[in-house]
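Q: Here is the input, now give the coordinates:
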Amino acid sequence: MNMETLARYLMIGGVILFLVGGGLYLAARFGLPLGRLPGDIRIEGENGSFYFPITTSILISVVLTIVLNVIARLLKK
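A: Numbering: from 1, shown residues only. All right, here's what the predicted structure looks like:
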């Protein structure tokens, strides 16, 4: 792998991280309940709490899969 290829991968990764961060920022600004969706598991007790955002994780996974597939198809052309 040469330096140009590595640089291209790093720039693409940076753009993807920027877009994901921007999407999460916009979700917070518009009041989307990421992390508080139905199906997210929250258990609170006297000595501590446990939180696992399973529905939010699935939703983010689906969105990222779609976005990355679109980017991959655009790069193959």
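Q: Just the buried positions in the strand or helix carrying residue 24, please.
A: With elements taken from DSSP states H and E, the one containing residue 24 is helix 3-29. In terms of neighbour count (16 or more other C-beta atoms under 10 Å), helix 3-29 has its buried residues at residue 23. Where C-beta positions appear, they are placed from N, C-alpha and C, glycine not excepted.
Q: How about stretch 53-70?
A: 53, 55, 56, 60.
Q: Angles on the backbone of the residue of the chain positioned farthest from its centre, please.
A: Each residue of the chain has a distance to the centre, and by C-alpha atoms, centre = their mean the biggest one is for residue 46: 32.1 Å. Torsion angles at residue 46 (phi, psi; degrees, to the nearest 10) stand at phi -70, psi -40.
Q: Quick check, pLDDT for it.
A: pLDDT for residue 46: 91.
Q: Over to residue 64?
A: So, for residue 64, pLDDT stands at 85.
Q: got a list of contacts for the helix or strand it falls within?
A: In this structure, residue 64 sits in helix 54-76 according to DSSP H and E. Here helix 54-76 makes contact (C-beta atoms under 8 Å, 6 or more residues apart in numbering) with 12, 16, 19, 20, 23, 34, 35, 37, 38, 39, 40, 41.
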